[in-house]
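Asks: Sequence first, then the predicted structure:
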Amino acid sequence: KPASPNVLPGAVEDTRNMAATLSGEFADLAQIKKQLISVIAQCKERGLVHSVKASELAFSLPSLPLDEVPPALPLTEEDALDLDALCLAKSYFDLKEYDRAAYFLRGCRSQKAYFLYMYSRYLSGEKKKDDETVDSLGPLEKGQVRNEALRELRVELSKKHSAGELDGFALYLYGVVLRKLDLLKEAVNIFVAATHALPLHWGAWLELCNLITNTEMLKSLSLPDCWVRDFFMAHVYTELQMIKEALQKYQSLTEAGLTKSTYIISQIAVAYHNIRDIDQALGLFNELREQDPFRIENMDTFSNLLYVRSMKPELSYLAHNLVEIDKYRVETCCVIGNYYSLRSQHEKAALYFQRALKLNPRCLGAWTLMGHEYMEMKNTSAAIQAYRHAIEVNKRDYRAWYGLGQTYEILKMPFYSLYYYRKAHQLRPNDSRMLVALGECYEKLSQQIEAKKCYWRAYSVGDVERMALLKLAKLHEQLNESDDAAQCYIIYIQDIFSCGEQLEHAEVSTALRYLGQYYFKNKLYDEASLCAQRCCDYNDAREEGKALLRQISAVREQGESSSTDLSLPIVFNPLSNTTTPVRRVAPLDLSSVTP
Amino acid sequence: MASVHESLYFNPMISNGVVQANIFGIKDWVTPYKIALLALLHEMSTTKPMALLDRRRLNKLILPLQQGPDLTFEQLLSTVEECCAPMVNAVKLRYVCTLHCSCPLELFTESYRTWSLYMRQMLLAYNKLSFSQVYKLYKTLQQYCRQGQRPPRDFSTLELDAGSLHQSDLGCDEARGPLSQKQAEYFLARQAYLLKNDENKAMRPATLQEELNNILKFNPDFAEAHYLSYLNSVRVQDLYISTHSLLHYFDRLILCGGEGKSNGDEGYGRSLRYAVLNLATLHCRFGHYQQADLALQEAIRIAQEANDHVCLQHCLSWLYTLEQMKGSDSVTLTEDSVKMAAHFCLPYLASLGVQSLVQQGATQGIPANRLLDALRGTDVVHWKQSLSELVEISLAQTASIWRLYGKSTMAQQQVQLLLGMASLESVNYGVQQNNTEPFAIALCHLAELHADQGLYGAVGDIIKHLKQQFPSHTQHSKLWMLCDLKIQFEKAMNSGKFHLAEPHVTAIGALDSMEGLYRKAQLLRALNQMSEASKILQQVQQLGVKKRNTEMIIRVMLATAELHWDSSGFSASLPLLLQALTLTHTHNLQSLESETILHLAFTQLMLGVPEQALALVQAVLESVLAHGALLKKGRALLLMARCQAVLATSTMQYVTVEMAVQTLAEAAVFFTQLGCKPRLRDVYYLQARLYHTLGNVQERNKCALLFRLLNQELPPGSSIAATPL
């Protein structure tokens, strides 16, 4: 099938443009709704319970008048033959008696029955695997437990596949089997084929998304041109941390008329969470909870946001609510863990994260969060273990790498932690927190040049904690590079005031104090007195400010007044954020002024 | 405080939500293979009449079978068949019997005296099994048996379209189950031992890594596998994976260390210190000196905070190694390290320090008796503590020192001693000779010593052996490569085939830049490109001073003196030679000393004082003939003959002339052995002239003919004056 023009390999710019454009089919939402209704019915018949969630989207669209509701697909002769067996098997299937279902379906011919036959065999294998994990023969065998049915399924499906007898659903199952057997390359091909055969089946898209590791791979795939593809692209962008593109895509989806979809809202909220736009994300999550108050999915992310903002009552309310809905869910446990952590009851928090892990050992977030809890409890060795587990589950978990770095830093091993911070930095090259951490380590190792580079880079990529400049300034101060130090303090002060909000750890007073002294030494008395006056606004610097003012007036009495016409106060000089600090701040020849 | 939380809230045994059997302290579990092994053991102990040889073979088989990875039934039976054919059917029968009784182990309980421990372990493991697990065991037992009975593997039902299915996908897992913890530990220990002592016998890096990944897949908590992966990736110089594995290992170890000991905190802190220290050594190996320095400082700091003297001593010994690698003076540090190590009773570190001191002392001209005394002192400690590794190093070092001093016989004796010594650890795993650095060095010495005596056939054999023992991808292969190249270079230069020597220069330069430059200068001089040669020699001189390589400095001085001769600046070469002589004296370099004296004698001969020259040559002749290389012996004799000839022609004494002819004949023997044609030509020329003086026409003509033949063979450019000494 010809590749649609949008997915041809191209520059990054292409993806940017692509993110904004949508498939033309969004013009006819009623058509989309019809397609959705029919595919939901098909999924339901085949027991694909998760794909039925597409009804979320269908629900968000305006309902259709009676005559337009699509009729059920007409039955073929084969379907009619298999009807009774299928009915019986489906009921067994729904009761999770998979082997029994498969037994009654073994002679059936129709596509639907064949899929259900294979699918129940697959699920039976999976179920047995899960049961077996609990009592395997020995500790080393636990990785060995596998779904025994997979190999047979693969052989049968590949036979049918080469004969071209597989429909969209069967292709999807074949892909899943291949993925479970770790044959990822083949699996990708099959999933692509599955999306072509049945573009409306979201499950195939989702599986495909999990297998895509980078943008190049994404661009090389030839995907069907269908409105579902836009959802898929947005989802992939989120997974690949290309948040900007993802947001653009979701934005245009909502604009196309899908405003009410809870799925889209939750996805946007998660995306905002990933780029740490906390306010936006919080707003969206609140909206989501209004529309869908019994939702448990994504609530762990919501609780993370509440945690970061220290919104205790909201978090507590959320925790209460979720426990009422279902207390044996991973998300619920994570929310409760976060709640206890915020209340500084770290032992209990760790307990809940452990519970989450028992429910789902591959739950990445819980491992990392548990590591954080152990850190709070000063149990470094347990924290290291927890972080390591997180990394084993997902090597790209930058928070776990960062946590490991922090742990070793606490153990006073800055060189050792460098490796971990570097790993974290590799995964998030534009996150200032890793850079600041790296800088601190270098500073401890007295590698000032590297430290300076790190701090400056942290500032350049947009410093979230607004600490980098201050640290850079102090470093310059230590190295007696007073001009550079002053420059950094100036930018720091400008930064703090321009962002408007009050930061707890802001050290404006330190900066002002230093600047006052700096100007005084360079005999810029007007600027010095300005700084000294501002110093007096802060408790910790008041005395020094006053002392400096006295000194200035003493000097002024001795000589004439300082030069007022020589330069503008430097604090108010326009400074662009992108330039590096210049070596000399104010190249002034003040010899004429000196008495 | 920390350990309380640990035990309450973090139990590694319930990680991943699965309670591991490990929690009961059982490291083993029942598999069909083990049942089959039990059947074998049972049969062995119950069948009384058995050939003694068969029984012995079977007994030898048991331990590897018990420790090794699980085999298929087929494999097991065929192994048994090799030792004792009638046993196979008995084992098969016994195994099938187990399928038909309620407990597969009960058949064996009657006679479990001889192998009770293994049996008990199996029983314990079996008793822990739940019903479903026993059922599963039963199924696998059946399957195992069936595999053994069907002769070729039968996948016909599965492999319908073999084109897209890989054999490995289907087949591999049936044959090889995961290793039990015991088996995995044995595997790791063995591989690690082999990596250290005989890399060739260890698995190939890629296969080993695959195996390790496999172990880690089944049990990610098996920290030792990470360490072996670190060793393995260091072997192939993979910085990325080795760092990753090392850190991963210590991240894992930190918890295990704390758990095993009664004093949890101590073990935990200790592994932290060693983690940083190991990181430092890693950077050392890869030549990242600054990084290594930072890591080492960190290790020292936390070791100091914890008052861990042993760790501090290890740090100190690495500190001086690092300084040495960086090329700065580390004698004081090393001395401190030796003193402290002796104080804390760490014999290994102490003698390692002494050996390092001896090595530095040898290049810096410490008197020989002190060095050898020091080595002998440590040797006593080595034998007492059976530190076989250090014994080997010590022997190789003694050999190197003797060679440095120019005592080839002593050097050869030490080398033979090392090679002939059965390694102390050779009892294990049938490793006859350890493939460690000392052996490589010793063999290189042996090759060079043979090359000196012109025994190129033997040299070839030794190099071949080295190539086999230390393949080019291994750590110590550079040693023999350099040695081989040097020998070939010398050989080509001696026989006047300069075009052959040229590629060797480049290759030597790649392995050792200073040596390469020196050889390049030699080649340029032979090709009459004096100014270039002189420039390069100056460069080498500076490098030698920087690296404190006295031997090289002296060799450069001699080469510069030779350059002066070529431009007839004989008097200019004198001060250089005298300076070289003082240096050789202070550093006990006897071989270079005699070389310098020969150079001096030649200069004097050229300056017109043949009596003095002759006296000088005669003074060193004894030591040259005793210890020198063939070439040097020949050159000394040739020089003596020249002096004698000059003296004889001036005084017209026929006796002296005849003596000179005699000396020349001796020199000719040496040069012929070595295939050194340019010098042989000189000898014939001189002989012909002398016979002419004596009036012996027949002999003169014979020599002249030989001269002419050689002269035609050699490149036309090289005149007689090209080989002054």
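Replies: Alright, I've got the coordinates.

Asks: For the rest of this, base every contact and every neighbour count on C-alpha atoms.
Replies: OK.

Asks: now for the helix or strand where A:M233 lies, which elements pack on it?
Replies: Element membership for A:M233, per DSSP states H and E: helix A:227-239. Under the contact criterion of 3 or more Cα pairs under 8 Å, 6 or more residues apart in numbering or on different chains; DSSP states H and E, helix A:227-239 touches helix A:202-211, helix A:243-255.

Asks: Can you tell me which of those is nearest to chain B?
Replies: Minimum separation from chain B across those (Cα to the nearest Cα) falls at helix A:202-211, 20.2 Å.

Asks: Quick one: mean pLDDT for that closest one?
Replies: Averaging pLDDT along helix A:202-211 yields 87.

Asks: picking up where we left off before, among the helices and strands packed on helix A:227-239, which is nearest B:D251?
Replies: Closest to B:D251 of the helices and strands packed on helix A:227-239 is helix A:202-211 (Cα to Cα; 29.1 Å).

Asks: Which of the residues in the very next helix or strand once past that closest one are classified as buried?
Replies: Proceeding N to C from helix A:202-211, the next assigned helix or strand is helix A:215-220, under DSSP H and E. Going by neighbour count (16 or more other Cα atoms under 10 Å in any protein chain shown), the buried part of helix A:215-220 is A:L218, A:K219.

Asks: just how off-centre is helix A:215-220 within its chain?
Replies: On the basis of Cα atoms, centre = their mean, to the nearest Å, helix A:215-220 sits 20 Å off its chain's mean C-alpha point.

Asks: Contact partners for the residue most central in space within chain B?
Replies: Nearest to the geometric centre of chain B sits B:E437, at 2.6 Å (Cα atoms, centre = their mean). Residues in contact with B:E437 (Cα atoms under 8 Å, 6 or more residues apart in numbering or on different chains) are B:H476.

Asks: show me where pLDDT drops low in chain A?
Replies: For chain A, the stretches with pLDDT under 70 are A:1-25, A:27, A:52-53, A:133-147, A:499-506, A:559-595.

Asks: Pull the distance from the helix holding A:M233 to the chain's centre.
Replies: 15 Å.

Asks: report the angle between the axes of it and helix A:202-211?
Replies: 30 degrees (axes from the mean of the first three to the mean of the last three Cα atoms, to 10 degrees).

Asks: sorry, back to before: how about the helices and strands packed on helix A:227-239, which one is nearest A:R457?
Replies: helix A:243-255 (21.3 Å).

Asks: packing partners for the very next helix or strand once past that closest one?
Replies: Downstream of helix A:243-255, the next assigned helix or strand under DSSP H and E is helix A:262-274. Identification of packing neighbours for helix A:262-274 by 3+ Cα pairs under 8 Å, 6+ apart yields helix A:55-60, helix A:243-255, helix A:278-291, helix A:299-308.

Asks: the inter-axis angle of helix A:262-274 versus helix A:299-308?
Replies: Going by the same axes, to 10 degrees, helix A:262-274 makes 40 degrees with helix A:299-308.

Asks: Other residues contacting helix A:262-274?
Replies: Outside helix A:262-274, the residues touching it (Cα under 8 Å, 6+ apart) are A:56-57, A:60, A:235, A:238, A:241, A:243, A:246-247, A:250, A:254, A:278, A:280-282, A:284-285, A:288, A:291-292, A:298, A:301, A:305.

Asks: now do stretch B:650-663
Replies: B:637-638, B:640-642, B:644-645, B:647-649, B:687, B:690-691, B:694.

Asks: Mind doing that once more with 6 Å?
Replies: B:A641, B:Q644, B:A645, B:A648 (Cα atoms under 6 Å, 6 or more residues apart in numbering or on different chains).

Asks: neighbour-wise, which of those residues leads?
Replies: For the contacts of stretch B:650-663, the largest number of neighbours (other Cα atoms under 10 Å in any protein chain shown) sits with B:A641, at 28 neighbours.

Asks: how near is the nearest residue to that one once chain neighbours are set aside to A:S553?
Replies: With Cα to Cα, 6 or more residues apart in numbering or on different chains as the criterion, B:A641 has its nearest non-adjacent residue at 4.5 Å, and that residue is B:A660. Counting by Cα to Cα, to the nearest Å, the gap from B:A660 to A:S553 is 103 Å.

Asks: So between the two, which is more surrounded?
Replies: When neighbours are counted by other Cα under 10 Å, B:A660 comes out ahead of the other of B:A660 and A:S553, with 27 against 14.

Asks: pLDDT at the more buried one, what is it?
Replies: 86.

Asks: Next up, identify which helix or strand it is on.
Replies: helix B:654-674.

Asks: Are any of the contacts of helix A:262-274 buried, and if so which?
Replies: For the contacts of helix A:262-274, buried by 16+ other Cα under 10 Å: A:57, A:60, A:235, A:238, A:243, A:246-247, A:250, A:278, A:281-282, A:284-285, A:288, A:301, A:305.

Asks: Just say helix, strand or coil for B:S328.
Replies: coil (DSSP: H, G, I helix; E, B strand; the rest coil).

Asks: cool, and B:P220?
Replies: Going by three-state DSSP: B:P220 is coil.

Asks: what does B:C101 give?
Replies: B:C101 - assigned by three-state DSSP - is coil.

Asks: how far away is it from B:Y95?
Replies: B:C101 is 11 Å from B:Y95, where distance means Cα to Cα.

Asks: Compare the two (neighbour count), which wins?
Replies: Using other Cα under 10 Å as the criterion, B:C101 and B:Y95 rank with B:Y95 on top: 23 against 11.

Asks: What strand or helix carries the more buried one?
Replies: helix B:85-98.
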